[in-house]
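Peer 1: With the input below, show me the fold.
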Amino acid sequence: MPEKCKILTVIGARPQFVKASVVSLALRRDGNFQEILAHTGQHFDYLMSDVFFDELELPGINYHLGIDSLSHGAMTGRMLEAVEVLIQKENPDYVMVYGDTNSTLAGALAAKKLHKKVIHVEAGLRSFDNRMPEEINRILTDRISDILFCPTVKAVENLQKEGFANFPVKIINSGDVMLDSYYFFREKVRKSVEKANLELPENYVLCTLHRAENTDDQQRLKTICEALNEINEEFTIVLPLHPRTRKKFDKFGIDCRVKIIEPVGYLEMINLLENCRLVVTDSGGLQKEAYFAGKFCLTLRDITEWTELVEGGYNVPTAIEKGLIIENFYQLLQRKAEFSEKFYGEGRAAEIIAEKIWQDFSKTPD
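Peer 2: Numbering: from 1, shown residues only. Next up is the predicted model:
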């Protein structure tokens with residue numbers, strides 16, 4: 001039998017903490033793995049980072065790189081340099097990255113240049129909008145990865161259409177690790193968190209707003225807030241406010257008259273999601289979690305990578321026009337659905353990931 005498989009996991013943003021939590025647990029349960037966790041520092045505020053490690057039962061961080069508050073190019077370059085040093089020091093068998101952030105691309109690039117195998121969890125997603133930094137990150141990471149764990153059938157199909165059958169890569173439909181995490185932590189939430197803590201009405205709307213395409217554009221951000229303000233006259237909108245978005249409100253002098261609260265941890269976000277009427281967001285992860293919770297979602301983007309939710313009528317992307325945002329919101333309120341389709345697997349993605357990595361490492365057949 002081969003020795004333990006050593007994995008360097010590179011994470012840096014809060015959705016990655018959620019994904020990594022269940023995969024790390026599966027690796028520990030398996031017993032055949034040694035995982036080294038490196039946090040790039042991309043999300044550095046306590047409420048955006050440390051609280052997630054506290055709640056999600058992640059093992060201790062082995063390396064904290066402290067790289068944040070830089071432009072895309074500078075941040076990615078600094079991360080690339082720092083992760084390269086870690087790979088040379090730790091000599092892992094694999095480098096594992098998640099999603100589509102600068103941390104994702106930097107980890108994958110550093111590994112490939114040092115001839116280490118790259119594992120990409122949440123591979124194959126496409127919004128088909130190359131203006132999004134996330135789209136560039138996910139395309140490039142997929143292309144240089146050795147094992148691609150796809151969350152959906154659509155993601156597998158995207159890779160097939162791009163000719164990945166011609167590349168020396170394994171493509172596996174593992175299901176979505178965020179569904180694993182949602183199932184795992186939902187029961188803890190129901191036992192430990194009460195909605196009354198925030199004194200919220202019965203029909204509140206949960207909103208998040210942080211994408212650079214919305215927050216860096218003064219007119220787009222103003223238009224979104226004007227629409228939210230009007231909706232808020234009838235339905236209380238609860239907005240856990242990202243620190244970067246708060247700075248943009250101040251910079252642009254935007255008056256967003258909704259119920260603004262501090263950023264929340266994962267467990268409290270699940271609680272907010274379980275009890276809300278509807279979701280309005282520009283977050284990729286929250287779009288899926290809305291589906292997990294049986295909530296319709298209005299997405300403040302022209303297009304989304306979660307195309308199966310759009311095709312199923314659970315998610316409506318919207319152009320950033322005040323009247324259109326309001327119109328789509330009220331149309332979603334009228335929709336009915338059972339939310340029963342298994343787009344994201346059965347909640348066993350982390351177990352499948354651990355199993356398939358071990359098969360690759362030990363050279364046992366699938």
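Peer 1: So, low pLDDT: which residues of the stretch 1-150 of the chain?
Peer 2: Residues of the stretch 1-150 of the chain that meet the criterion pLDDT under 70 lie in 1-2, 43-55.
Peer 1: What ranges does it have for its helices?
Peer 2: Taking DSSP state H, counting those that start in this stretch as the test, the helices found in the stretch 1-150 of the chain are 14-30, 50-56, 72-90, 102-113, 133-144.
Peer 1: so which of those helices gets nearest residue 177?
Peer 2: helix 14-30 (4.7 Å; Cβ to Cβ). Every residue, glycine included, has its C-beta placed from N, CA and C.
Peer 1: can you give me the angle that closest one makes with helix 102-113?
Peer 2: Regarding helix 14-30 and helix 102-113, their directions subtend 50 degrees when assessed with axes from the mean of the first three to the mean of the last three Cα atoms, to 10 degrees.
Peer 1: what comes up buried for helix 14-30?
Peer 2: For helix 14-30, the buried set under the neighbour-count rule, 16 or more other Cβ atoms under 10 Å, comprises 14-27, 30.
Peer 1: One more: stretch 220-235?
Peer 2: Of the residues in stretch 220-235, those buried under the neighbour-count criterion (16+ other Cβ under 10 Å) are 220, 221, 222, 223, 224, 225, 226, 227, 228, 231, 232, 235.
Peer 1: was I right about the second one contacting residue 248?
Peer 2: By that I understand residue 221. Yes - counting by Cβ atoms under 8 Å, a contact exists between residue 221 and residue 248, whose distance comes to 6.0 Å.
Peer 1: quick revisit: can you flag which of the buried residues of stretch 220-235 belong to helices?
Peer 2: Among the buried residues of stretch 220-235, the members found in helices (DSSP state H) are 220, 221, 222, 223, 224, 225, 226, 227, 228, 231, 232.
Peer 1: tell me the contacts of the closest residue to residue 21 other than its chain neighbours?
Peer 2: Residue nearest to residue 21 in three dimensions, not counting chain neighbours: residue 56, with 3.8 Å by Cβ to Cβ, 6 or more residues apart in numbering. When contacts are counted by Cβ atoms under 8 Å, 6 or more residues apart in numbering, residue 56 is found next to 17, 18, 21, 181, 185, 266.
Peer 1: Out of the residues you listed, name the two that are farthest from one another.
Peer 2: Using Cβ to Cβ, the contacts of residue 56 reach their maximum pairwise distance at 17 and 185, which is 11.9 Å.
Peer 1: Give the residues shared as contacts by these two.
Peer 2: Common neighbours of residue 17 and residue 185 (Cβ under 8 Å, 6+ apart) are 56, 266.
Peer 1: just how off-centre is stretch 107-119 within its chain?
Peer 2: Mean C-alpha position of stretch 107-119 versus that of the full chain (Cα atoms, centre = their mean, to the nearest Å) differs by 21 Å.
Peer 1: ok, residue 316 - how many residues close by?
Peer 2: Under the neighbour criterion other Cβ atoms under 10 Å, residue 316 is assigned a count of 17.
Peer 1: quick one: it is in a helix?
Peer 2: No - Residue 316 is assigned strand when assessed by DSSP: H, G, I helix; E, B strand; the rest coil, not a helix.
Peer 1: who's in contact with it?
Peer 2: By Cβ under 8 Å, 6+ apart, the contact list for residue 316 reads 296, 297, 298, 299, 310, 328, 331, 332.
Peer 1: Apart from its neighbours in sequence, what residue is nearest residue 42?
Peer 2: Counting by Cβ to Cβ, 6+ apart, the residue nearest residue 42 is residue 12, at 3.4 Å.
Peer 1: residue contacts, that neighbour?
Peer 2: Counted by Cβ under 8 Å, 6+ apart, residue 12 has contacts 39, 40, 41, 42, 43, 67, 79, 101, 102, 103.
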